[in-house]
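K.L.:
heads up, no residue letters with this:
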């Protein structure tokens, strides 16, 4: 092989390498891309977009002799600009980009140690320039293939640790996770500069000057990779703990609310008992006023009695004290907000359904419906609740109007919202999706207690949640 052929081969493999690594990046980001309205076709378009961007940036770098770190920054910045199209948060996208390039650097560093042995193997016995170039070409192809294979395996390990689910990061968590991979990238780039050092007419090779470096360098690369995986796993564990704390907080709030409503029902029934006890006295007073022909006083007296009875009126009769109060509260809130509220709900007397479980389901669904209707223009706000028992199944359905572009996440099946809930003292802002996600996940968990399911869908400007429960006896 001639020198010109070797240079041509080197350029061709460099171009193929850019395309393959771009495909690897698209495959790496695919599990975290939001499908959007187009489903799988939309995901394929986004993967193609990532591939084209990668190829464009690195071919541009080859033409204008950009340094590798500049190409990485340009690509990450370009993807960050298009994060809304990709459906990935800015922090998450930045982390994924750094993890990708860190893995690429570490796999390259490990392959360089193999290159120290394979180079001698392929060039053994090469006594002519043609054989030298041929051996160098075969070694180059072998090392590039091994590097790509090792990189793909390491990237696969990252995907398994990250999990195929969405994740939201705060700046503090992002800095913590970036510490190890950024250090790994800097280590590799410095080490690559030290592999071959030219001093005048002398050339110093690190592996020949320090033979132990052949094993130490790939070991350090492996430790950087393991440290990155450990940091991700620890951060995910911490995020899961925070999510569990948030779920526990919501459950405690719901329990406190239901207990308060039970106390209200007790007061209601106590008032009814007192009125029943006083009913004879009221009838005697009315009879006395009628006998004295004091019809005006009798009418005012009866009006006072009616006011007392209306004050004790729960507003809804479902056959269960807890659901009576929940629907009564929602009905009053809906009237205050100008929302048409229709309820065709009767608590299932049979089936072994617990009032606390049903209260959690109703409270979450109806409160979410109230919040959604608040963002709808007046006159078009409505909430419809229905509950039907058929054989061994109970079907609960909530429909409400909503306004905006609603999307569902491909992994959780929950609505995606960008609204933020107000933070508590000393706490970061939390996406409203996280709070609604906790509520809907509670609904799902309650449904699973009864071997049921939750179906969430949106048609036009109507949002619908259907909960299917089975008898628990």
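P.N.:
Perfect, thanks for sending it. Just so you know, these numbers come straight off a predicted model, no measurement behind them. Numbering: from 1, shown residues only.
K.L.:
tell me the pLDDT of residue 174.
P.N.:
Listed pLDDT for residue 174 reads 85.
K.L.:
report the separation between the residue nearest to it when sequence neighbours are not counted and residue 342.
P.N.:
Leaving out its chain neighbours, the residue that sits closest to residue 174 by C-beta to C-beta, 6 or more residues apart in numbering is residue 91, at 4.7 Å. To be clear about C-beta, it is placed using only N, CA and C from the backbone, and glycine gets the same treatment. Distance of residue 91 to residue 342, computed by C-beta to C-beta, to the nearest Å: 43 Å.
K.L.:
show me which of those two is the more surrounded one.
P.N.:
Between residue 91 and residue 342, counting by other C-beta atoms under 10 Å, residue 91 is the more crowded of the two (20 against 13).
K.L.:
mind listing what's buried in the host helix or strand of residue 366?
P.N.:
Using DSSP states H and E, the element containing residue 366 is helix 355-374. By neighbour count on 16 or more other C-beta atoms under 10 Å, the buried set for helix 355-374 is 357-373.
K.L.:
and what of stretch 4-21?
P.N.:
Across stretch 4-21, burial judged by 16+ other C-beta under 10 Å covers 6, 9, 13, 18, 21.
K.L.:
ramachandran angles for the residue in the chain sticking out farthest from the centre?
P.N.:
For the chain, the largest distance from the centre (C-alpha atoms, centre = their mean) belongs to residue 292, which lies 74.5 Å off. Residue 292 adopts backbone torsions of phi -90, psi 10, taken as degrees, to the nearest 10.
K.L.:
quick one: pLDDT of it?
P.N.:
82.
K.L.:
please tell me how far it sits from residue 306.
P.N.:
For residue 292 relative to residue 306 (C-beta to C-beta), the value is 22 Å.
K.L.:
in the stretch 251-400 of the chain, which ranges drop under the pLDDT threshold?
P.N.:
For the stretch 251-400 of the chain, the stretches with pLDDT under 70 are 251, 253-254, 256-258, 260-262, 264-265, 268, 271-272, 275, 277, 308-316.
K.L.:
isn't residue 181 up against residue 98?
P.N.:
Yes - with contact defined as C-beta atoms under 8 Å, residue 181 counts as touching residue 98 (5.1 Å).
K.L.:
neighbour count for the two, which is higher?
P.N.:
Neighbours per residue (other C-beta under 10 Å) separate residue 181 from residue 98, with residue 181 holding more: 26 against 21.
K.L.:
helices of this structure, residue ranges please.
P.N.:
Taking DSSP state H, the helices of the chain run over residues 3-29, 40-64, 68-81, 83-86, 90-123, 129-162, 171-195, 206-209, 213-291, 295-311, 321-337, 355-374, 432-449.
K.L.:
tell me which residues are up against the second one.
P.N.:
Think helix 40-64. Contacting residues not belonging to helix 40-64 are listed as 14-15, 18-19, 21-23, 25-27, 29-30, 33, 35-36, 38, 66-68, 70-71, 74-75, 78-79, 82, 85-87, 410 [C-beta atoms under 8 Å, 6 or more residues apart in numbering].
K.L.:
now swap in the third one and tell me
P.N.:
With contacts defined as C-beta under 8 Å, 6+ apart, helix 68-81 is touched by 50, 53-54, 57-58, 60-61, 66, 86, 90, 93-94, 97-98, 101, 189.
K.L.:
any of these buried? List them.
P.N.:
Those of these that meet the buried threshold are 50, 53-54, 57-58, 61, 66, 86, 93-94, 97-98, 101, by 16+ other C-beta under 10 Å.
K.L.:
and the least confident of those residues?
P.N.:
The member of the buried ones among the contacts of helix 68-81 with the lowest pLDDT is residue 66, at 74.
K.L.:
how much space between the nearest residue to it once chain neighbours are set aside and residue 77?
P.N.:
Nearest residue to residue 66, sequence neighbours excluded (C-beta to C-beta, 6+ apart): residue 60, at 7.0 Å. Distance, residue 60 to residue 77, by C-beta to C-beta: 13 Å.
K.L.:
how about residue 468?
P.N.:
Residue 468 sits 47 Å away from residue 77, going by C-beta to C-beta.
K.L.:
how about residue 298?
P.N.:
Residue 298 is 83 Å from residue 77, by C-beta to C-beta.
K.L.:
surely residue 363 touches residue 326?
P.N.:
Yes - counting by C-beta under 8 Å, residue 363 touches residue 326, with 5.6 Å between them.
K.L.:
and the residue nearest to residue 372 when sequence neighbours are not counted, how far from residue 344?
P.N.:
Among residues not flanking residue 372 along the chain, residue 402 sits closest, at 4.3 Å (C-beta to C-beta, 6+ apart). Computed as C-beta to C-beta, the residue 402 to residue 344 distance reads 21 Å.
K.L.:
who has more neighbours, these two?
P.N.:
residue 402 (20 against 10).
K.L.:
residues touching the more buried one, list them.
P.N.:
Applying C-beta under 8 Å, 6+ apart to residue 402 gives the contacts 372, 373, 375, 376, 458, 461, 462, 463.
K.L.:
what of residue 320?
P.N.:
Here residue 320 is in contact with 347, 355, 358 (C-beta under 8 Å, 6+ apart).
K.L.:
quick check: it vs residue 369, distance?
P.N.:
Distance, residue 320 to residue 369, using C-beta to C-beta: 20 Å.
K.L.:
report the two of the contacts of helix 68-81 separated the most.
P.N.:
Maximum pairwise distance among those (C-beta to C-beta): 27.3 Å, between 86 and 189.
K.L.:
neighbours around residue 22, how many?
P.N.:
Residue 22 has 21 nearby residues by other C-beta under 10 Å.
K.L.:
no, scratch that, I was asking about residue 211
P.N.:
11.
K.L.:
for residue 187, see how far away it is.
P.N.:
Counting by C-beta to C-beta - residue 211 and residue 187 are separated by 20 Å.
K.L.:
go on, residue 11?
P.N.:
Taken as C-beta to C-beta, the span from residue 11 to residue 187 is 29 Å.
K.L.:
same check on residue 56?
P.N.:
Distance of residue 56 to residue 187, computed by C-beta to C-beta: 28 Å.
K.L.:
you'd agree residue 137 is up against residue 2?
P.N.:
No - applying C-beta under 8 Å as the test, residue 137 and residue 2 come out as separate, 10.6 Å apart.
K.L.:
before I go, just wanted to say thanks for your time.
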